[in-house]
Every structure is written in structure tokens, then in C-alpha cells.
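Engineer: next one to model:
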Amino acid sequence: MTIYNLVLFFHILSMVGLAIAVAFQWTMLHRAISARDGEETLRWIRATARLPLLVFPSLVVVVGTGIYMAARINALSAGWISATFIAILLIAFVSMAAGPATRALQRHAQQGKKEEARQSLLKPLLAISVRLQAALLLTIVFLMVMRTNIAVSFEIVGVGIAVGLLWSIPSWRTGRV
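Structural biologist: Numbers count the residues shown, from 1 in each chain. Model (predicted):
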């Protein structure tokens, strides 16, 4: 086993961490919206309160290990590396944009405000954020496999963004996941 293999393991592990966080957020939104009563809604929301403890370290590790591996194989200037980095920044931006709505949702759940929590769940930004992040994560995996030049890589990121936004259209009015 080499250092590179160990770094690759942590890189993949951190991507899995990001995927788990997005999947859990998606599950929470779906289950909380369709919950039978207010208590069940609050339980689902509270279950995601610690997700930032997974997301932030995963983002840091994926970027750090990605830079190390790209430097090691002299690929820092490769198109797919640049596009991947932009996609990761977009995931972080989308997550931050949904941050106030997410924090309000968590605050309502912690205070036991069932009706306010239910209203917060229907904010379209929450569903759009989750769908866009999922599409961007899949885009990153695709870029890692394809290893295309810069023009094609940015086209792929553009397609990933478009897919995420088109996928989100049903939730724009209803907020449903």
C-alpha cells in the first residue's frame, strides 16, 4: 500500500460521506413532509441536525486529497480537475444558500414549533438544494471517470447543473422533494 492509495481511500470515503449527507437530507425532507403528525415531522428534522459535522469535514478532505492526488499525477491543469473543483464549490455554494432555510427548519424543530417547521419544509430552496447537490455529485463522479478536456468538462458541469435544475422544477411551487 502506498501513500497515494491511502489518500485515494480517504478521497473516496469523503465523497461517500457527501453522498450520504445529501441522501439523508433528501430522505428527511421527503419523510418530514409526508409525516402523519407534527411529532414525526420534528423527529425527521432533528435527525439531520448533525449533518454539518459530516459535510464540512468531507468537503475539506475531498478537496485536500483531490489536490494531493492531482499534483502527484501532474494533473492539476487537467480540464476535468478544474471542472470538478468548480462543481465542488457549487455544491458548497448551494449548501450555503440553503443554510438560512435549513437553520430555521432546525430551530423550529428544536423549539417544538410543529406548524412553523411544516411551513419551513415547503420552502422550494430546500428541495432545489438537495436535488442540485445530488446532480452535481453525480456530475463529479462522471468527470472522474471520463477525464475529459476543459471544454468538455465544463459542458458536463453545465449539463449537471441543468439536470439538477430541471429535476427541481416540480418542487419550485410546492417545495416537495
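Engineer: nearest residue to residue 63 in space, please, no chain neighbours.
Structural biologist: Computed as Cβ to Cβ, 6 or more residues apart in numbering, the closest residue to residue 63 that is not its neighbour in sequence is residue 88, at 6.2 Å. Just so you know, the C-beta spots here come from the backbone N, C-alpha and C atoms, and that holds for glycine as well.
Engineer: so what's the one you found up against?
Structural biologist: Under the criterion of Cβ atoms under 8 Å, 6 or more residues apart in numbering, the neighbours of residue 88 are 59, 62-63, 66, 140.
Engineer: out of these, who's the most crowded?
Structural biologist: Most neighbours among those, by other Cβ atoms under 10 Å: residue 140, with 26 neighbours.
Engineer: for stretch 79-90, list every residue counted as buried.
Structural biologist: Of the residues in stretch 79-90, those with enough neighbours to count as buried (16 or more other Cβ atoms under 10 Å) are 79-85, 87-88, 90.
Engineer: residue nearest the middle of the chain, spatially speaking?
Structural biologist: residue 133 (3.7 Å; Cα atoms, centre = their mean).
Engineer: what helices and strands are in contact with the helix or strand where it lies?
Structural biologist: Per DSSP states H and E, residue 133 falls inside helix 124-146. Judged by 3 or more Cβ pairs under 8 Å, 6 or more residues apart in numbering; DSSP states H and E, helix 124-146 is in contact with helix 3-33, helix 79-97, helix 99-110, helix 150-174.
Engineer: can I get those in TSV with distance to residue 123 and mean pLDDT?
Structural biologist: Shown next, in TSV, are the helices and strands packed on helix 124-146 (distance: least, Cβ to Cβ, whole Å; pLDDT from 0 to 100):
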stretch	distance to residue 123	mean pLDDT
helix 3-33	10	94
helix 79-97	12	93
helix 99-110	5	92
helix 150-174	10	90
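Engineer: of all these, which lies closest to residue 73?
Structural biologist: For residue 73, the closest of these is helix 3-33, at 8.5 Å, according to Cβ to Cβ.
Engineer: now the closest one against helix 99-110, angle please.
Structural biologist: For helix 3-33 against helix 99-110, the angle by axes from the mean of the first three to the mean of the last three Cα atoms, to 10 degrees is 60 degrees.
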